[in-house]
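Student: this is a predicted model, with the sequence first.
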Amino acid sequence: MSNNFHRSNGEPTLYINQNKDMFLIILLYVDDLIFMGSNDVAIEKFKEEMKEFEMSDLGLLRYFLRIEVQ
């Protein structure tokens, strides 16, 4: 929340950071963090901020809850 993210009213695990130049959407699910952004700069900035936490970057999302993502 301190990085200008707003929690969705309809989905409490969905956070959105949006301004006129870019957007970043984060979805938390148990021990997974799924995110997407409007451009590579937004995504790389978010990844850099998350380095303080121990986690693995698994790359592009392929499957989520047994659903294939393209």
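Tutor: Yes, it's here. Residues are numbered from 1 along each chain as shown.
Student: which residue ranges form the helices in the chain?
Tutor: For the chain, the helices defined by DSSP state H occupy 40-49.
Student: that one: strands as residue ranges?
Tutor: Using DSSP state E, the strands of the chain run over 6-7, 14-18, 23-29, 32-37, 63-64, 67-68.
Student: in CSV, list these along with mean neighbour count and distance to residue 53.
Tutor: Yep, even glycine has a C-beta here, placed from its N, CA and C like the rest. Formatted as CSV, the strands of the chain follow (neighbours: other C-beta atoms under 10 Å; distance: least, C-beta to C-beta, whole Å):
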stretch, mean neighbour count, distance to residue 53
strand 6-7, 12, 19
strand 14-18, 15, 15
strand 23-29, 15, 12
strand 32-37, 15, 9
strand 63-64, 10, 20
strand 67-68, 7, 26
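Student: indicate which one of those strands is closest to residue 50.
Tutor: Closest of the strands of the chain to residue 50 is strand 32-37, at 7.8 Å (criterion: C-beta to C-beta).
Student: circling back: and of the strands of the chain, who's closest to residue 57?
Tutor: When the strands of the chain are compared (using C-beta to C-beta), the closest one is strand 32-37, at 9.9 Å.
Student: what lies in contact with that closest one?
Tutor: Identification of contacts with strand 32-37 by C-beta atoms under 8 Å, 6 or more residues apart in numbering yields 22, 23, 24, 25, 26, 27, 43, 46, 50, 55, 61, 64.
Student: ok, now stretch 13-24?
Tutor: With C-beta under 8 Å, 6+ apart, stretch 13-24 has contacts from 3-8, 25-29, 35-39, 41-43, 46.
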